[in-house]
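Q: Quick one: sequence plus predicted model below, questions after.
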Amino acid sequence: MNLSVFLRRFSSISLKVLIFIIIFLSSFLYFGTNYVRENFGLIPMDSIIFTITVPLEGTENSKVFEFIKECFIPTVFTTIAIWFVLTIVPRINYKIEYSFNDEKKEFLIKPKKWVVAVAYIMPIFILLGCINHSTSKVELYEHFKDLSTDSKFIEKNYIEPKTTKITFPEEKRNLIYIFMESMETSYMSTKLGGNMAKNLIPGLTELARENIHFSNKTEFGGAIQVAGTSWTIGSMVANTSGLPLKLPIENNSMGKFQKFLPQIHTLGDILESEGYNQTLIVGSNSVYGGRKNYFEQHGNYTVKDWNTAQEEELIPKGYKVWWGYEDEYLYDYAKIQLSELAARDEPFNLTLLTVDTHFTDGYVCELCDEESVKQYDNVISCADRQIVEFISWFQKQDYYKNTTIIITGDHLTMDKNYIKNTDNQRTIFNTFINSAVSTDKTKNRIFTVMDMFPTTLAAMGVTIEGERLGLGTNLFSGIKTLPEVYGINDFDKELGLRSSFYNSKLK
């Protein structure tokens, strides 16, 4: 084989490989977009990008299999089929045999060069079409447009917790902070301000009624979801730092989770400096989403998760359902940890993250009843009963009188097919139990989970100079929140834009 022949064959093989790659990327983009829209609805791109770039460790297995089934396998088969049609079929010689006057004849159809050329160009048009499909379905174009626009909003409005005067009471209060997965006020009845025919969370409703509940309206309501807070770790960061979790992650190695926003000062950092003993309990693998690193690096939390539950024999070795173990065991774990924390001299902060109500449809545990034909209805009602039982248990403990309890949803549910009646705005649930302070300014407040940061400290009897931390405002103070000052739509828009200040000073 001479060099020219070798080069021609190499060029042909390279071209076919390139075409295969382009078709694969196009197919993956198409099926991946459909998968995201079908399973998550129109969720923000920052949430999507964060989810697909974090390590898979700790991901619930059925979600991985679901992705393989609905996205990866169709991508592979579609790629092979299109690649074969475009690269092999146009180069085949077709021979047609026929008889004419008892004489056999053959007719040879050779592919035209222009047909082969068109077939080789087609992948480019397929890719462009899939890009257009994706940008329209998940607002990809808008996302990258926002990233190219630098905003001074965070720089202008950010209050640095490190330099703000924060004064704790002489007798420091304990804190229990409960993140309830996807818990929103939409699960209440329409009469109460929700979106359901029947109230699925009567227990939480009663807790909110009997205690302090901040609402965006005169009925039950809550926090409005904004950019950088629409998924679990994004919300946990926002609740405890007054900041959204913004992407891309440019100036640290958060992508590999060696360092997680090392320059920010959070609730955990503040409580650590005041001598608090802090524990985080999650019912899954804490590594997922960087939760373990965030809480260990900001407050020196002791992290308890699915792995430690096995080590401490709360659950059998190798036991795993859903994302790890059910909320039933989470509350058992919390009771054990609370007894240990209360026996120590220093004040404590116990943070919990539930998981049973995670989309899609939640997890049916042994405590769930079959009151509804909808699985998610039953799971939500079960979660409601469990949290009420846990609070009831805790209120009987001696150390309850000096403990503030905060219950909040982490974000709105991502199950797009569940809540279709949206006559009332969907908001994130909250209630403050046994707060050290009170206020009559709880209704018609426009706020986000970032306002929970200074509000949490205030509920513990802490005074904050200026009543603001991060981008959050102490809701007990009555001072206008940033969404109330700027309008929620403009506030949300600004958070979605690129911030050089955030990337250089806070990451």
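A: Yes, it's here. Residues are numbered from 1 along each chain as shown.

Q: and the gap between Ile176 and Leu204?
A: 15 Å (C-beta to C-beta, to the nearest Å). Quick note: C-beta positions are derived from backbone N, CA and C, even for glycine.

Q: If you count surrounding residues, which of these two has more?
A: Between Ile176 and Leu204, Leu204 has the larger neighbour count (other C-beta atoms under 10 Å), namely 29 against 23.

Q: That one contacts Thr431, correct?
A: Yes. Between Leu204 and Thr431 there is a contact under C-beta atoms under 8 Å: 7.1 Å.

Q: Quick check: neighbours shared by those two?
A: Common neighbours of Leu204 and Thr431 are listed as Ile407 (criterion: C-beta atoms under 8 Å, 6 or more residues apart in numbering).

Q: Low-confidence ranges, the stretch 251-400 of the chain, go.
A: 251-258 (pLDDT under 70).

Q: Now do the helices in it.
A: Remark: helices assigned in the stretch 251-400 of the chain by DSSP state H, counting those that start in this stretch are 267-273, 291-297, 306-311, 327-342, 375-395.

Q: then the second one to PDB, C-alphas only?
A: Backbone C-alpha positions of helix 291-297 (Å, rounded to 0.1, in the frame of the first residue of the first chain) are rendered in PDB as follows:
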ATOM      1  CA  ARG A 291     -22.900  18.300  51.300                       C
ATOM      2  CA  LYS A 292     -20.300  16.600  53.500                       C
ATOM      3  CA  ASN A 293     -17.500  19.000  52.500                       C
ATOM      4  CA  TYR A 294     -19.700  22.100  52.800                       C
ATOM      5  CA  PHE A 295     -20.800  21.400  56.300                       C
ATOM      6  CA  GLU A 296     -17.400  20.000  57.500                       C
ATOM      7  CA  GLN A 297     -15.600  23.000  56.100                       C
END
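
Q: separation between the nearest residue to Thr463 once chain neighbours are set aside and Asn239?
A: Once flanking residues are discounted, Thr463 sits nearest to Thr167: 4.7 Å by C-beta to C-beta, 6 or more residues apart in numbering. Distance of Thr167 to Asn239, given as C-beta to C-beta: 22 Å.

Q: Repeat that for Thr357.
A: 17 Å.

Q: Give me the more crowded residue out of the two.
A: The neighbour comparison of Thr357 against Asn239 (other C-beta under 10 Å) goes to Asn239, with 29 against 25.

Q: which residues touch the more buried one?
A: Tyr177, Phe179, Leu267, Thr408, Asp410, Val449, Met450, Met452, Phe453, Thr456.

Q: wait, isn't the first one in contact with Leu353?
A: Spelled out, it's Tyr177. No. Checked against C-beta under 8 Å, the pair Tyr177 and Leu353 is beyond contact range at 9.5 Å.

Q: Do a quick rundown of the helices in the stretch 51-200 of the chain.
A: Going by DSSP H, counting those that start in this stretch, the stretch 51-200 of the chain shows helices at 61-67, 73-87, 113-138, 140-147, 153-157.

Q: which residue is nearest the middle of the chain?
A: Trp231 (1.6 Å; C-alpha atoms, centre = their mean).

Q: hang on, isn't Gly466 packed against Thr163?
A: No. In this structure Gly466 lies outside contact range of Thr163 using C-beta under 8 Å: 10.8 Å.

Q: Cheers, nothing more for now.
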